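Peer 1: mind folding the following:
(3 chains, ligands or ions: 1)
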Amino acid sequence: MEDFLSQLNKEQLSAVETTEGHIRVMAGAGTGKTKTLTSRYAYLVSELGISPANILTVTFTNRAANEMKSRVRAMLGDLDLGFISTIHAFCTRFLKEEIYRLGYPKNFIVIDTEDQRQMLQRIFADMKITLRDTTMRRTIDQVLEGKKITDDYISEFIRNSSEELLQKIAAEPEKNNQIFLRYLYEQKKNYGLDFNDLINFTGYILNVFPEAREAWQSRMQYVMVDEFQDVSQKQYAIAQTLSAKHGNLFIVGDSDQTIYSWRDAHVQLFLDFDKKYPDAKTIVLKDNYRSTPQILKTANSLIAHNSVRFPKELRALHSDGAKTLYFHAKKPQDEANWIADTMGNLVSQGASLGDIAVLYRSHFMSRGIEEILIQRKIPYRILSGISFYERKEIKDVIAYLRMLTTQDDIAFLRAIQTPSRKIGKKKIEFLKEYAEANRISLYNALLENLDSEIFRGTGAKRFVQAIAATQKGMENKPMDDILDEILDLSGYTEFIRMDAEQDRLDNIAELKQSVAQAAHDPDANLEDFLSRVALYGNLDKEERRNAVKLLSVHAAKGLEYPFVFVTGLSEGLFPSAQIETAEEMEEERRIAYVAFTRAKERLFLSENEGGGDANLSKFPSRFIFESGEENLEFVRPLPDDLRKNALRKIQQSEESLQLLQNLFFVGDRVRHKIFGEGKITAVDISAAAYVVQFDNLKTPRSLQFSAKLEKLPD
DNA sequence: GTATGCTACGTTTTT
DNA sequence: CGTAGCATAC
Ligand SMILES: Nc1ncnc2c1ncn2[C@@H]1O[C@H](COP(=O)(O)OP(=O)(O)OP(=O)(O)O)[C@@H](O)[C@H]1O
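Peer 2: Model (predicted):
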C-alpha cells in the first residue's frame, strides 16, 4: 500500500507529503514529475482519506488521463476517478451541472473541428463566399478561434435571442464578423459548444454565479495540474478559482517543454507562480530516471541553443547506453528502409516492437514510414492524428444516435446524407429556408414536408420512420439494441457493409461494444453516453502490445519508449518551414527536445533530402547539428559540401530570425538617432524595410530593418 | 437534381 | 492520406 512512497526520492517525497498550500514542481524531462503527481494523488486518498470526488487533477491529453487513472487504480484499487481528466473533459462535466444557469440544456452537444468545418462550409454557401484565397483551417483560426480569445462574446451570446442574432447578422457589414455571428446563431440553435466555449463558459459561470463558484470551490479541496508549462491564462484562471477556497494548488511542469504556444499556452504563468502566490513552495527535481546519459547529452546540447530559457540541472541516473545514432538519407524511402532495418536489428537483439516509437513533427510525415512498414510486414499503430471519435464512420453512428435525442441540425445533416437518399443540395436548401422561416430545426422542417412533392422518391420517409420506430419505447430498450435498430432500419448498416473496408466495420463493432458495456449499467441512458463520448478521446485498442507506435511529437508529450526514432529532421520540416520568428523557432527546438527526451535506451535521428527536384532538396535540420556532432554516431559521414552548405543555410536563417526579432509592428512609436521620433506606418518584409513617418519630416522614410531604431511606449 | 468516379493537391501541432 | 473540385452517369 504505502510502498509507492518508498519508490520516491527525497524531493519527490517532499512534494507528495506537502499536501497543503501552493506548490510548484519545476523539473526537466524524465525526473518523475508525473510519477510524483500520481503518487501524491494516491497519498491524498489513501493516507489522508480524501475522496477522489474532492481532488481535481488536470492532465493534458486523454491518453495521459487514462494512463494516470490506471496507475492510481493499480495503487488503490477500483475507484471513480472522474476528476482525473483533461481540462476540457472537466469543463464538460462542470457544464453538465451548471450550464442551466445560462439557459442551455445539459445535453448540449460538443462541436469538434470537423463539425466546425461543416458549419462553416454551410455558412460560406449561404454567404456565397468561395474559399479560393483563404483555406478552411485559416478561417477557423481567424474567425472562430480569434473571436473567442476574449470571452466578451459570451454575454452577448447569452443575452441575444436567436431572433436578435438574426437581426444582427442582417445588419453586420463586415465579412468575418458576419461569419462569426452566423456561427453563433447555428451554435445557439443546436445548443452546441466548441472546445473554446467549454473553457470560456466554465470560467464565465465561475465568475458570474457566486453560488456555483462557492459550491465547486468547496468541492475541490485539492487541485493538481500536470504539464503546467502548456496551460493558458484561461485554464489557469479556472484552476485558481477552484482552488481559491482551500488554497491547495499543486502544479508541475518543465519550461523547456512548452510546445502549445499556438494554443495560447504561456510559460510565464508557470515561471511567475511564485509571484502570484508569495507563499508558494517550489520543489526542484534534478535526477533523470528515464534516459541514458547519452540521450540526455544529445537533448541538453540541443536545448542549450534556446536563448530564452530558465536553465536547469539534469543528472542522469540511468546506466550508460549507446550513442545517439544519426542517418542521413537521400530519398524518403531510404530513410524509411533504414528505420525498418534498424527496427529489425533491435528486435533481433531482444527488443519488442512495442518498445519502439517513431515520432514526427507533422502527420503527413508518417506516410512514407507506413508504406515501408506495410511492405515489410512490421505491425504498427498510429497513435495520433484523427482519434477514434473523429473517424468518419464513428461520427456517422453518433449522428444517428443524436437523431434519437437532440435531433440537432449538425447530426441531421450528417445522417441524412449518409447513405445518400437522393436528398442533395437543392432539397437541403429548401429545408434550410423552411426551417429558418419557421424557426424550427431541419429535422422538424423535414417532418412537416414529408408528404410534399419534393421528397417523393427520396429516402426521407425511411429515414424518418427508422427514427420514429427506434424511438418508440426507447427508455426500456438496452442501448446496444437501440444502436443496432437505428443503424439497421435507416439503411446505414447495409451501406457500410457494401462499402466494405474492414477497418471501418471494426471501428463500428468497437463502438457497439463500448455501448454494450455502458448498457450494463441499468441507469445508463443514451444522453449520458453521448455526452461522455464527445471528449473520450482514445477508445482505440491502444495496447496492441507488439506493434511499433507512430505518433506526432505533440502527442508523445509525457510518454516514454525504450527506442525512439525521430524522423524527418530536415530544414523546412522540422523545424517547419512556417516558422517566421525567433520565438517560434525556439518552440520548434523545444518540440525537438520533447521528442529526444521520450527515449529511454537509445535515440535514433534520421532525415532525407526529399524526393524529386534537386533544387528543392532539403538540408539536415539545425537540430541535428545542435545536438552536438560529437554526441552522434553517424551511420555514414555527411558529405563535406552538404554539411557546409547546410550549416551556411542554417546560419542565414538564424541571422534573419535575429533580424526579425527586432521587428517593429505597424503603429509602433520609435526613435531614430537622427530623425527623432516617429511612427511605423508599414512593414515590408520582402524588402526588409520599415516605412516610418517621422514627426519632424514631411514625407515618410523607408528604413532597413537593420537601422537602429528604439521602441517608445505608445 | 443527385450520385459517383476521377484527378490533383497540400499538409504544424490538439482538446 | 483525405478531400476539394470537376466531369460524367443515373
Ligand atoms: N524515484 C524514482 N525511482 C525510479 N524511477 C523513477 C523515479 N521517479 C521517476 N522514475 C521513472 O522515471 C520515468 C519518468 O517519470 P515521469 O514520466 O513521471 O517523468 P516526468 O518528469 O513527468 O517526465 P516528462 O516531463 O518528460 O513528462 C518513469 O519511467 C518513472 O517510472
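Peer 1: give the contact list for A:Pro332.
Peer 2: Contact analysis of A:Pro332 by Cβ atoms under 8 Å, 6 or more residues apart in numbering lists A:368, A:608, A:610-611. Yep, even glycine has a C-beta here, placed from its N, CA and C like the rest.
Peer 1: same check on A:Asn207?
Peer 2: Listed by Cβ under 8 Å, 6+ apart, the contact set of A:Asn207 reads A:213, A:241.
Peer 1: tell me which element it falls in.
Peer 2: helix A:195-208 (DSSP states H and E).
Peer 1: count the residues that sit near A:Val397.
Peer 2: One way to gauge burial is a neighbour count; for A:Val397, by other Cβ atoms under 10 Å, it gives 23.
Peer 1: pLDDT value on the residue lying closest to A:Ala469 once chain neighbours are set aside, please?
Peer 2: Closest residue in space to A:Ala469, ignoring its immediate chain neighbours: A:Leu489 at 5.9 Å, by Cβ to Cβ, 6 or more residues apart in numbering. With respect to pLDDT, A:Leu489 has a value of 93.
Peer 1: pretty sure A:Leu489 is in a strand, no?
Peer 2: No - with the criterion set as DSSP: H, G, I helix; E, B strand; the rest coil, the secondary structure at A:Leu489 is helix rather than a strand.
Peer 1: how far away is A:Leu296 from A:Thr31?
Peer 2: 11 Å (Cβ to Cβ, to the nearest Å).
Peer 1: now do the shared contacts for the two.
Peer 2: Overlap between the neighbourhoods of A:Leu296 and A:Thr31 consists of A:288, A:314, taking contacts as Cβ under 8 Å, 6+ apart.
Peer 1: so between these two, which is more surrounded?
Peer 2: It is A:Thr31, of A:Leu296 and A:Thr31, that has more neighbours when counted by other Cβ under 10 Å, with 27 against 24.
Peer 1: so who does the more buried one touch?
Peer 2: Contact criterion Cβ under 8 Å, 6+ apart gives A:285-289, A:314 as the residues in contact with A:Thr31.
Peer 1: just say helix, strand or coil for it.
Peer 2: Bear in mind the rule, three-state DSSP; under it A:Thr31 is coil.
Peer 1: near the ligand, which residues of chain A?
Peer 2: Taking Cβ under 6 Å from any ligand atom, the part of chain A that reaches the ligand is made up of A:7-9, A:12, A:27, A:29-35, A:254, A:257, A:289-290, A:558, A:560, A:597.
Peer 1: let's go with 8 Å and repeat that
Peer 2: Taking Cβ under 8 Å from any ligand atom as the contact definition, chain A meets the ligand at A:7-9, A:12, A:27-38, A:226-227, A:252-254, A:257, A:285, A:287-290, A:317, A:557-560, A:594, A:597-598, A:600.
Peer 1: rewinding a little: what subset of the contacts of A:Pro332 is buried?
Peer 2: A:368, A:608, A:610 (16 or more other Cβ atoms under 10 Å).
Peer 1: what pLDDT does the second one get?
Peer 2: At A:Asn608, the pLDDT value in this model is 91.
Peer 1: partners of it in the sheet?
Peer 2: The partner list for A:Asn608 in beta bridges (DSSP bridges) reads A:Ala329.
Peer 1: for PyMOL, write a command that selects the buried ones of the residues of chain A next to the ligand.
Peer 2: Written as a PyMOL command, the selection of buried residues from the residues of chain A next to the ligand, which uses 16+ other Cβ under 10 Å, is:
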select buried, chain A and resi 8+12+27+28+29+30+31+32+33+34+35+36+37+38+226+227+252+253+254+257+285+287+288+289+290+557+558+559+560+594+597+598+600
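Peer 1: I figured A:His266 was touching A:Asp230, is that so?
Peer 2: No - counting by Cβ atoms under 8 Å, A:His266 sits too far from A:Asp230 to count as a contact (9.1 Å).
Peer 1: who has more neighbours, those two?
Peer 2: When A:His266 and A:Asp230 are compared on other Cβ under 10 Å, the one with more neighbours turns out to be A:Asp230, at 25 against 17.
Peer 1: ok, now which ones touch that one?
Peer 2: Under the criterion of Cβ under 8 Å, 6+ apart, the contact partners of A:Asp230 comprise A:60, A:253, A:257-260, A:263, A:265, A:557.
Peer 1: again with A:Lys422
Peer 2: A:Lys422 neighbours (Cβ under 8 Å, 6+ apart): A:457-459.
Peer 1: now those as TSV including secondary structure?
Peer 2: What follows is the contacts of A:Lys422, written out as TSV (three-state DSSP):
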residue	secondary structure
A:Gly457	coil
A:Thr458	coil
A:Gly459	coil
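Peer 1: now, of these, which are buried?
Peer 2: With neighbours counted using 16+ other Cβ under 10 Å, the contacts of A:Lys422 contain these buried positions: A:458-459.
Peer 1: so where is the stretch 401-550 of chain A shaky, pLDDT-wise?
Peer 2: Regions of the stretch 401-550 of chain A meeting the criterion pLDDT under 70 cover residues A:500, A:534, A:536-544.
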